[in-house]
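[1] Curious how this folds, go ahead:
(chains A and B)
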Amino acid sequence: MRDFLRGVKLMLTVSWRADRLRSVLAGITASGQYIVLPLRALGLKVLTDGVVAHDSAHAVAGAAMIVGFSAANRLMAWASLNVRMRLREHTQLYLDTHLMGLTAGIPGIAHHELPEYLDSVERLRMERPYLANPFNPISWTTASILQAGTVVVLLVGISPLLALLPLFGIPAAIASAHAEERSIDLVDEQAEQSRVLRHLMDLTTQPEPAKELRIYGLADELLERRVRLFDALEAEHTRQSVGNVARISSGWVLFAAAYGAALWWTVDAAQSGTESIGAVVLVLTLGAQLNSQLADLAYNVAWFARSLRAVRRLVWFTQYADDATATIAASGNAPPPSRLDDGIRFEHVGFSYPGSGRRVLEDVNLFLPAGSTIAIVGENGSGKTTLVKLLARMYEPTTGRILVDDVDVATMDIEAWRRRMSAGFQDFERLHVLARHSVGAGDVTRDATDDVVHDALRRAVAADLPNQFPDRLDTQLGRQFDGIDLSVGQWQKVALGRAMMRDTPLLLVLDEPTASLDAPTEHALFEQFAGAARDVARTTGGITVLVSHRFSTVRMADLIVVLSHGEIVETGPHDELMRANGAYAQLYRIQARAYRVD
Amino acid sequence: MTWARRSEALRLLACFRGANRRLTAIVLGAGAASGALLPVFMIATGALAGAVRDGRPVALPLAAVVVTFLLERVLDPILEESGQALWRQVDESLSQRIMRAVAQPPGLATVESPAVRDLIVQAQGELTDLTPGQAAYHSGRILATVVQGAASLLILATYHWWLSAALLVAYWLTYRVYREHWQDVTLVLYRRTDRLRHAHYLRALALEPSAAKETRVFGLAEWLVDGYRQRWMNEMTDIWKTRREGWGASVATVTGLVVVEGFALWSVAVDAANGHLALGAAVVLAQAVLGAAILGQYKEGHWLLSECARAVERIDEVETEAAATMDVRPGALDAGNRPQHQIRFENVTFAYPGTSVPVFDGLDLEIDAGRSLAIVGENGAGKTTLVKLLCRLHDPQGGRITVDGQDLRDLDPVSWHHRVAAVFQDYVQFELSAFDNVAYGALHNRDDREGVADAARLSGADQLIERLPAGWDTPLSRQFSDGAELSGGEWQRLALTRALFAVRSGAGVLVLDEPTAALDVRGEAEVYERFVELTRGATTIVISHRFSTVRRADRIVVIEHGVVVEDGDHDALIRHGGRYAQMYTLQASRFDGGD
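    The predicted structure follows:
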């Protein structure tokens, strides 16, 4: 019950926050529109009385009441539609920005891999329509209940016994509510398969996979796969539906029997003269009304239940995000140092991804001296990217800690720490916005003016990039919105430019940023980095961490870290590691051999 | 009923029936029956009242009242459950139609067209948060109102036919006024689809995991939320400015209805009071006036029906547009086992759709069948475009590409695609089983588990498969409870395995676009050391910035500004001392002195 009230409160809050005035108006118009309807029955009664008394003025007054209440109902319906349309739009904006803020605002990224979180988001996506107008189910359910109350009062007027009639509707109502519960549960159970359905849709309709899809002729296969999966899910729905119909119908049979008995009793009383014919007409018309009212009530309650479920999901989601943010915030809010004097130290750092027992990093002890360039090498899956993610605090270490100038990075204000770092990732995002903003997103505290963006691109050795775009920095990138298509290498330059937007970071992380770059660019890039690193070292003691498979570049680093199966196997500068003739030297020779004249 | 209106109803009916014939019949049948029951109920109540008054037997009318009541109640859950099912199935059938329309054309123009993307967004109801299937759900209930209204008018017609006619006109006009109003609202939204899609793109960036790392490092949460809000508000403010609330029209129709309904009820009331009309008849007629009023109602359901019809129209457009897009001309000739001799680019000109700057303006290139060719050049030189043309994902605008002398455009594109295997830079990550990820290289041969395993051994992916919790059957996404996540390098190795399986299964052309970019040192070394073995029997085109791989090719061409500037094998190009030699030496020199 407390959960229920909390849900109702939140439904009201969502709407209230989105648009106060229209929330109130929507409540008034929606319930007003419904409450006017039973009043028409009153008009019918007045009309009947007039007819029976052969009083045409009285009868016409009844007709006028019917017409008047109908007109009021229509005007309120019109107002309600206008108000709800606009309220729906405002609520949509509110919910979207709320969800965006929550999702993107969670400091870590572990949630993106938690099935529970993903299911929740998937369901929220599907249930958005139920959240868009949270006022409707509440006001309409209330109106339905008020209507039913009016009917009960009128029935009691004939005989208190008749007031029992609505009670026989309870089994049908419970059956309807249970049916709703079950169907929501079923959709929840199918959330994982629903994600597969969506993935299949994306694969067939998004531009990137389109090439392989055509070459390997996969369109039909993926479609068939979707059809099979959907049909299997739908079969479960059908099984459930048949049961629902049987249960709810049985409930209505019970009610119909009670209704028949009530009518029989009234008719019998009328025939024996203890009740008037008017009473029979009243029970009949109320029966007709009760009929549609109960249908409305069942429908509104079902809708209400769905909205409530969606709201609970929103509550769960908000709670999850708040907890995640609070946990990080509670661990400390120390400011990051203005410059690095000592360096960054890993102490017995171990890490497993959430929900997985496998250790990706094991007892990593490592010192990254201030002002140095560090290269991390190792085979695919050796934990390089994870190490980088820990530095950016995308995850917190499972064991051990990371110290920045002797301060545990976990105790630092996470956003302040991130403002002092920058990064280029292997799986960078292709931002389909203006070139200016695609680069400028690397530091949104500054205006992305020509100078600022050009400077960042220059430091990413991509100064020439804007010249390849028709409208230079004001070119829309990507085919998503009629922009120009970039090659993978060009996109990578944009991402590198983004990483260069912050000009004096304490930590610059580059996770295989040159995989798609051509040889001259790569060469220039690292000359530039080496130079920049020395400059940065003088001013802020900043550290550059580079993950790469290209040993021609790696060898330039001050310190090389070799990872294997989550453990550090070697560290040292190139020459030292070559002399040691260990894992590094072996890998280096493999790559160098390819360039030797043989 | 106007022609457009009728065609809208027919289009919807076709759409619902296309999704599920039987369900459509159930939903509409239950709706119609439910609508017809209310007038029957009205008459039965009149008969019962009359019987009581006249002292006639009441059993029959009473039974009629209870039975119609019960039937209506039993129809309701049927209508509800079948409506929900039809909702899901109509949405699904429309999604499948979109998938088919976008995925079938052999060229990329449709799938890459922003206009098509706009249509997809509209068709899926992403702008209004309403999916077309919801209309299917409402259709039964709307049909019920129509039947109920029509039957009520029939009952009234037994009193005065012209009263019925007047009410019909009044309700029809009312309905039209409401309808026009709401259609206006959605049309305005549609006209702004492309701009609203910008806002939705920012929303996706914040919600989807792909940008999660950068969003955090660069502190973009607020930037995205603000950007979304700003773009959304810009568009919606304009929309709200032009959106009419239509109070004038509403008040006018309500006034009209007050006059017509008032006259009808006044007439009934006066006639009954003067004894020209029996009491029972008066009660039935008064209820009939109220029952007919439902014809003038315009609710969400009606609006959704129009929406759905519009969405279906959009999908028709996508289908028509997809079918009409001839960016890749459908030739008739089967590709057979081409190429046996040579693939030639002859004076090829090509610019991407919607751009004016050509990538190629007179490219000439010969590729010998059964040999390997490496293409080298700076970022943006057109290397990937070249292989896209070769794969026939686009057709050139000028010049031609021939295979064994036959213009590629005369070949059936599907049969030519069948000849090609490729590893693209943005290889696909199928979030399906590891086995499917490889077997998808050759669907006709997907039962060849041995072949799949062989391809994995050749590419070196076999060790990766061994590490997966359920081996080949592991779903490749951590989004699944029993799934596993692969690193970029591992995905690339799988893409390579897929291409090798395709070659094993008969593809004669192998395209490798930066096939080792994400691989580690040993992985890269394995690929170039086995290069000859990997590419045996296939005409191979490899694009790479890694000269370790490039130098293994039988022949190397350097492309600059859309033309071939150097051509020869590794030794020849080194001796030539041009661009290639320069780039190679640059990379090689960085390994000097370390060993």
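
[2] So is the lengthiest helix in chain B next to chain A?
    Ordering each helix of chain B by length in residues (DSSP state H) puts helix B:59-103 first. Yes. Using CB under 8 Å from any CB of the partner chain, we find that helix B:59-103 touches chain A at B:62, B:65-66, B:69-70, B:72-74, B:76-78, B:80-82, B:84-85, B:88-89, B:92, B:95-96, B:98-100, B:102-103. The way it works is simple: take the backbone N, C-alpha and C, and place the C-beta from them, glycine included.

[3] Show me where chain B has its strands.
    Taking DSSP state E, the strands of chain B run over residues B:342-350, B:360-368, B:372-376, B:398-403, B:406-407, B:420-423, B:509-513, B:539-543, B:555-560, B:563-568.

[4] Spell out which residues sit in contact with the residue nearest the centre of chain B, please.
    Taking CA atoms, centre = their mean, the centroid of chain B lies closest to B:Ile98, which sits 4.1 Å from it. B:Ile98 is in contact with A:201, A:205, B:120, B:123-124, B:315, B:318, counting by CB atoms under 8 Å, 6 or more residues apart in numbering or on different chains.

[5] returning to what we had before: the strands of chain B: which one's closest to chain A?
    Among the strands of chain B, the nearest to chain A by CB to the nearest CB is strand B:420-423 (5.0 Å).

[6] Work out the gap between that closest one and the centre of the chain.
    25 Å (CA atoms, centre = their mean, to the nearest Å).

[7] And stretch B:561-578, by the same measure?
    That offset, for stretch B:561-578, works out to 45 Å (CA atoms, centre = their mean).

[8] which residues sit against it?
    Contacts of stretch B:561-578 (CB under 8 Å, 6+ apart): B:358-365, B:381-382, B:550-551, B:553-559, B:579-581, B:584.

[9] Ok, stretch B:465-472 next?
    Taking CB under 8 Å, 6+ apart as the rule, stretch B:465-472 contacts B:433-435, B:452, B:456, B:474, B:482, B:484.

[10] Name the nearest residue to B:Ala499, ignoring sequence neighbours.
    In this structure, B:Ala499 finds its nearest non-sequential neighbour in B:Ala421, 4.2 Å apart by CB to CB, 6 or more residues apart in numbering or on different chains.

[11] That neighbour bridge partners, please.
    Beta bridges link B:Ala421 to B:Leu510 when assigned by DSSP bridges.

[12] Please name the residues that touch it.
    Neighbouring residues of B:Ala421 by CB under 8 Å, 6+ apart: A:215-216, B:441, B:498-500, B:502-503, B:507, B:509-511, B:538.

[13] can we see that at 10 Å?
    A:212, A:215-216, B:391, B:441-442, B:496, B:498-512, B:538, B:540 (CB atoms under 10 Å, 6 or more residues apart in numbering or on different chains).

[14] Of the residues you listed, which belong to helices?
    A:212, A:215, B:496, B:498-504.

[15] For ChimeraX, write a command that selects the buried ones of the residues you listed.
    Per 16 or more other CB atoms under 10 Å in any protein chain shown, the buried members of the ones in helices among the contacts of B:Ala421 correspond to this ChimeraX selection:
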select /A:212,215 /B:496,498,499,500,501,502,503,504
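
[16] Pick out the lowest-pLDDT one from the ones in helices among the contacts of B:Ala421.
    For the ones in helices among the contacts of B:Ala421, the weakest pLDDT value sits at A:Ile215, with 88.

[17] all helices for the stretch 201-350 of chain B, in order.
    In the stretch 201-350 of chain B, the helices defined using DSSP state H, counting those that start in this stretch lie at B:212-217, B:221-242, B:247-273, B:279-292, B:300-324.

[18] I'd like to know how far the closest residue to B:Val289 other than its chain neighbours sits from B:Thr255.
    Sequence neighbours aside, B:Ala264 is the residue nearest to B:Val289 in space, at 5.3 Å (criterion: CB to CB, 6+ apart). Counting by CB to CB, to the nearest Å, the gap from B:Ala264 to B:Thr255 is 15 Å.

[19] same check, this time on A:Glu415
    60 Å.

[20] what about those two, which has more around it?
    The neighbour comparison of A:Glu415 against B:Thr255 (other CB atoms under 10 Å in any protein chain shown) goes to A:Glu415, with 16 against 11.

[21] so how far is the helix or strand where A:Ala61 lies from its chain's centroid?
    Following DSSP states H and E, one finds A:Ala61 within helix A:56-105. Centre-to-centre, helix A:56-105 and its host chain are 28 Å apart (CA atoms, centre = their mean).

[22] Quick one: neighbours of B:His160, just the number.
    By other CB under 10 Å, the residues close to B:His160 number 15.

[23] mind listing what it touches?
    Here B:His160 is in contact with B:166, B:264, B:267-268, B:271, B:285 (CB under 10 Å, 6+ apart).

[24] Pick out the most distant pair among those residues.
    Put simply, by CB to CB the two of the contacts of B:His160 set farthest apart are B:Ala166 and B:Asp271, 16.3 Å from each other.

[25] between those two, which one's more packed in?
    Higher neighbour count among B:Ala166 and B:Asp271: B:Asp271, with 20 against 17, using other CB under 10 Å.

[26] Just to check, that one is in contact with B:Leu285?
    Yes. Counting by CB atoms under 10 Å, B:Asp271 touches B:Leu285, with 9.1 Å between them.

[27] how about the helices of the stretch 451-595 of chain B, start to end?
    Under DSSP H, counting those that start in this stretch, the stretch 451-595 of chain B gives helices at B:462-467, B:488-504, B:521-529, B:531-534, B:547-550, B:570-576, B:579-589.

[28] Which strands and helices lie in contact with the longest one?
    Based on contacts counted as 3 or more CB pairs under 10 Å, 6 or more residues apart in numbering or on different chains; DSSP states H and E, the elements that helix B:488-504 packs against are helix A:210-215, strand B:420-423, helix B:434-439, helix B:449-459, helix B:462-467, strand B:509-513, helix B:521-529, helix B:531-534.

[29] and it with helix B:449-459, angle?
    130 degrees (axes from the mean of the first three to the mean of the last three CA atoms, to 10 degrees).

[30] And the residue of the stretch 301-450 of chain A that's closest to chain B?
    Chain B sits closest to A:Asn380 of the stretch 301-450 of chain A, with a gap of 3.4 Å, by CB to the nearest CB.

[31] Now that residue. Nearest residue, chain neighbours left out?
    In this structure, A:Asn380 finds its nearest non-sequential neighbour in B:Gly489, 3.4 Å apart by CB to CB, 6+ apart.

[32] same check, this time on B:Thr242
    Using CB to CB, 6+ apart and skipping the chain neighbours, the partner closest in space to B:Thr242 is B:Val188 (6.2 Å).

[33] who touches that neighbour in this structure?
    B:235-236, B:238-240, B:242-243.

[34] distance of it from A:Glu89?
    12 Å.

[35] With A:Gln206 instead?
    In terms of CB to CB, A:Gln206 sits 28 Å off from A:Glu89.

[36] Those two: which has the busier surroundings?
    Neighbour totals were compared for A:Gln206 and A:Glu89, and A:Glu89 leads with 21 against 16 (other CB under 10 Å).
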